[in-house]
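Engineer: Okay, predicted coordinates and the sequence, questions at the end:
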Amino acid sequence: MNAAATERAKLIVRGAVQGVGFRPFVHRHATELHLRGWVRNSAQGVFIDVEGTGDTVREFVHRIESEKPPRAVIQSIECSFLEASGYERFEIRESDDSGGKSALILPDMATCEDCAREIFDPANRRYRYPFTNCTNCGPRFSIIESLPYDRANTTMKRFTMCPECEREYHDPSNRRFHAQPNACPRCGPQLALWDATGYVLATRNEALMEAAQLIREGKILALKGVGGFQLFVDARSEQAVMRLRARKRREEKPFALMAPSLDHARYECDIPEDEEHLLVSPESPIVLLRKLWRSRLAHSVAPGNPYLGIMLPYSPLHHLLLREFNFPVVATSGNLSDEPICIDENEALERLCGIADYLLVHDRPIERHVDDSIARVICGREQILRRARGYAPLPLHMDAPLPPILAVGAHMKTTVAFSAGQEIFISQHIGDLESEPAHAAFRKTAADLPRLYDAAPVEIACDMHPDYLSTQFAARLHAPSHRVQHHYAHVLACMAENELAAPVLGVSWDGTGLGTDNTVWGGEFLLVKEAGFERAGHLRTFRLPGGDAAAKQPRRSAVGLLFEIFGEDVWDRDEVPGDFSGPEMRLMQQMLARRVNVPLTSSAGRLFDAVSSLTGLRQVASFEGQAAMELEFAAYPDVKTFYPFSIRGKVPMIIDWEPLILEMMHDILAQTDIGVISAQFHNTLAEIIVAIAERVGEPNVVLTGGCFQNRLLTERAVERLNTAGFLPHWHQRIPPNDGGIAPGQIIAAARAMKERVS
């Protein structure tokens, strides 16, 4: 080829392009087109330098965009044409870790079909090997130590590949080319079965087979998985499940399940097509599915709950273990309630002592804990409720670059986030910051994201609440902190996910969040403007006897609500929950009379609690959101009527729920079916949203906050907003609860920085 006919293109491909077989894909197409040059990973993405005839170079660029590997996500391709260099062949070069780090780290991915076939093929050298993977599947985020994503920068660096694995690793035509966790039974990690003291009972396949037998016998097995330990027990055994509840100190909160196959899941649950798609996706989350009457599982798996949280095997170890059963197993986080999951076997011996009877462990180190994600389908779309394995740390992509800001979330369902360039990277689920292990995991994660992207934050974004441990942590860091109103952060996160620009009406409903007036907000309508926000409206406030105690006792919210309506006369009314002891009732009377420890709240979450108590569904909750969940489950979906309400004032408008409560109390007295009462309550909330939207007049309305985990509420609100001519938006990949608040904090802080500069 003569030099005059040669063109050279230099490409920078950014996105999720490392660990997905991108370089062999590039090599294959360059070779087919007889191009010369090179490709390599860098800390910013994938760099390609290629030359050949002009037509073939352009064909190559087109293929990069249109035929990318299935798990790759291309966010941008920068292409420039340069003078030819005279390359002699096309090669894959060593990675370059210089420069700023902005490449996307992939989440841990479920086992692909090819690897699943291999582990059950007696003729394959990876037959029954529980750590089989390739460029299309396997651990990623849980094992990476630094960028770029190369074996030397992962916890697999301690395992030297055997000659066969080495050949696969260096063969561009092999699907294990540069699969960083590549291993086989000769050279890779191995299993061991321990008793509760750490004594080794068996190794390799024998360990797996004995572990399966222990589960059949009703024992509790702690299994070291991809991102940490899980606790396994036979989900059919009431005795085994109740023993796990007692040991884990988890009274009624539903347990997650793992079904051996999709057919097994179908036997237990109704699975429409959109939920099946989510269940079998490469992310493989726990999916909330409606339980069938024929379910053979123990009642104590999910007491009083019409849904089951089911996932399918997502690692070779899970596939091999679950193949030994013909029944689902409980597969819950390996921790005490409210603590992060264990990731190290020696740590598990200590923290899971008294919970697990046996431990199935392995020697592949886990760099960071990554719990199982939880999702459900709402309005025909997936909605992530807990964002971890399969999703973290994929970012929100912004229209313009942001300063490097670290956001530390709130106090419940905590995640952290970090902005680098046009990306907001969101951590895996950490949990509630109630215990020292949880706070230690939070501190580690807060240091982890800036370290991975090799950038120091110029500002720390946090919640306004001074008592949140995350806020106190932010104040101790070197960079200045910026406090963000809780519900404003919720709305900004939902706007970013839906790529919305201001102005927008945000409906931000949850249990609690400190407001700018130092009261407890939670039933908010925020008009987000180009700069800042305006509180356009909120639910009428009432007092919470005992403050935070009301979150665990819906009956306290009911008393506060009734006191707001009837004042001191409330104590003579039959509607006051009757399960308080005499001293408890007298204490509440004194608190309300003296205005001591009875904070004002506009919380929609506490309104749900109050209604759940008044209808007799739930007086004391054993886990967050239980009362609201039971109210949702009780509703008859075909009921379309609603209760009266009123709106007074202008800015902020006050939504008065008193007409609703009085009419509802009349229905309770008349012994109206609770399914009708609950449905009408949900319908009324949807009508309130539409009424405020009509008064504000902004076409775009976002629904955010923990209350919009409620499928009935969200679908009613979306339906009514659509009918009224508005454009409703809700969360999909970012949780509506406090697990999604950190990216909103970053955006709020960046907005404030921009205002200060201007």
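Structural biologist: Arrived safely, thanks for sending.

Engineer: continuing past the helix or strand of the chain at the bottom of the mean pLDDT ranking, what's the next helix or strand?
Structural biologist: The helix or strand of the chain with the poorest confidence is strand 73-82; it has a mean of 78 (mean pLDDT, DSSP states H and E). Downstream of strand 73-82, the first helix or strand assigned by DSSP states H and E is strand 90-92.

Engineer: rewinding a little: now for the least confident helix or strand of the chain, which elements pack on it?
Structural biologist: strand 6-16, helix 54-66 (3 or more CB pairs under 8 Å, 6 or more residues apart in numbering; DSSP states H and E). All C-beta spots, glycine's among them, are computed from the backbone N, C-alpha and C.

Engineer: Just give the strands next to the first one in its sheet, each with its orientation.
Structural biologist: Read it as strand 6-16. Paired with strand 6-16 in the same sheet, following DSSP bridges, are strand 45-53 (antiparallel), strand 73-82 (antiparallel).

Engineer: quick one: the strands in the stretch 601-750 of the chain?
Structural biologist: For the stretch 601-750 of the chain, the strands defined by DSSP state E, counting those that start in this stretch occupy 646-648, 653-656, 700-704, 727-730.

Engineer: Which helix runs longest in this protein?
Structural biologist: If you go by DSSP state H, the chain has its longest helix at helix 674-696.

Engineer: Return the set of buried residues in it.
Structural biologist: Residues of helix 674-696 classed as buried: 674, 676-693, 696 (neighbour count, 16 or more other CB atoms under 10 Å).

Engineer: re earlier: most tightly surrounded among the strands paired with strand 6-16?
Structural biologist: strand 45-53 (a mean of 22; mean count of other CB atoms under 10 Å).

Engineer: Run through who's touching that strand.
Structural biologist: Contacts with strand 45-53, where a contact means CB atoms under 8 Å, 6 or more residues apart in numbering, come from 1, 5-15, 17-18, 22-23, 26, 30, 33-41, 57, 60, 64, 84-85, 87, 90, 96, 102-104.

Engineer: Make a ChimeraX selection of whichever of the residues you listed turn out to be buried.
Structural biologist: The buried residues among the contacts of strand 45-53 can be selected in ChimeraX (16+ other CB under 10 Å) with this line:
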select :6,7,8,9,10,11,13,14,15,17,18,22,23,26,30,33,35,36,37,38,39,40,41,57,60,64,84,87,90,102,103,104
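
Engineer: Tell me which of the strands paired with strand 6-16 lies nearest to G218.
Structural biologist: The closest of those to G218 is strand 73-82. By CB to CB, the value is 43.6 Å.

Engineer: what's the spacing between the closest one and its chain's center?
Structural biologist: 31 Å (CA atoms, centre = their mean, to the nearest Å).

Engineer: Who are the contact partners of Q732?
Structural biologist: 381-384, 497.

Engineer: ok, back up a step: now distance to G511 too, for the strands paired with strand 6-16, in TSV please.
Structural biologist: Listed next are those as TSV, based on distance: least, CB to CB, whole Å:
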stretch	distance to G511
strand 45-53	41
strand 73-82	34
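
Engineer: May I see the buried residues of stretch 126-134?
Structural biologist: 126, 128-134.

Engineer: Which members of the residues you listed are the farthest-apart pair?
Structural biologist: R128 and C134 (16.9 Å).

Engineer: count of residues packed around R483?
Structural biologist: 21 (other CB atoms under 10 Å).

Engineer: let me redo that: P260
Structural biologist: 20.

Engineer: Would you mind giving the secondary structure of it?
Structural biologist: coil (DSSP: H, G, I helix; E, B strand; the rest coil).

Engineer: For I271, see how far away it is.
Structural biologist: Note on P260: its distance to I271, by CB to CB, to the nearest Å, is 15 Å.

Engineer: ok, now K157?
Structural biologist: 41 Å.

Engineer: So these two - more neighbours on which side?
Structural biologist: Each of K157 and I271 has its neighbours counted (other CB under 10 Å); I271 has more, 20 against 14.

Engineer: Nearest residue to the more buried one in space, please, no chain neighbours.
Structural biologist: L289 (5.8 Å; CB to CB, 6 or more residues apart in numbering).

Engineer: pLDDT score for that neighbour?
Structural biologist: Listed pLDDT for L289 reads 98.

Engineer: got the contact list for it?
Structural biologist: Contacts of L289 by CB under 8 Å, 6+ apart are 265, 268-271, 275, 279, 307-310.

Engineer: for Q619, same thing?
Structural biologist: 553-555, 577, 579, 613.

Engineer: now do A679
Structural biologist: Residues in contact with A679 (CB under 8 Å, 6+ apart) are 635-639, 641, 712.

Engineer: how does this structure divide up, domain by domain?
Structural biologist: 3-92, 191-374, 393-484, 509-736 (automatic domain parsing).

Engineer: Make JSON lines out of those and add distance to M161.
Structural biologist: Output for the domains of the chain, formatted as JSON lines (distance: least, CB to CB, whole Å):
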{"stretch": "domain 3-92", "distance to M161": "16"}
{"stretch": "domain 191-374", "distance to M161": "14"}
{"stretch": "domain 393-484", "distance to M161": "25"}
{"stretch": "domain 509-736", "distance to M161": "35"}
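
Engineer: rank those domains by pLDDT, which is bottom?
Structural biologist: Mean pLDDT across these is lowest at domain 3-92; the value there is a mean of 84.

Engineer: is it true that K219 touches D357?
Structural biologist: Yes. In terms of CB atoms under 8 Å, K219 counts as a neighbour of D357; the distance is 4.4 Å.

Engineer: what about S419, which helix or strand?
Structural biologist: strand 417-426.

Engineer: Could you list every helix and strand that that strand packs against?
Structural biologist: Using 3+ CB pairs under 8 Å, 6+ apart: strand 417-426 touches strand 395-402, strand 405-407, helix 436-452, helix 741-757.

Engineer: Reformat the ones you listed as JSON lines; add distance to W194 and mean neighbour count.
Structural biologist: Below are those laid out as JSON lines (distance: least, CB to CB, whole Å; neighbours: other CB atoms under 10 Å):
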{"stretch": "strand 395-402", "distance to W194": "38", "mean neighbour count": "16"}
{"stretch": "strand 405-407", "distance to W194": "38", "mean neighbour count": "30"}
{"stretch": "helix 436-452", "distance to W194": "21", "mean neighbour count": "18"}
{"stretch": "helix 741-757", "distance to W194": "37", "mean neighbour count": "23"}
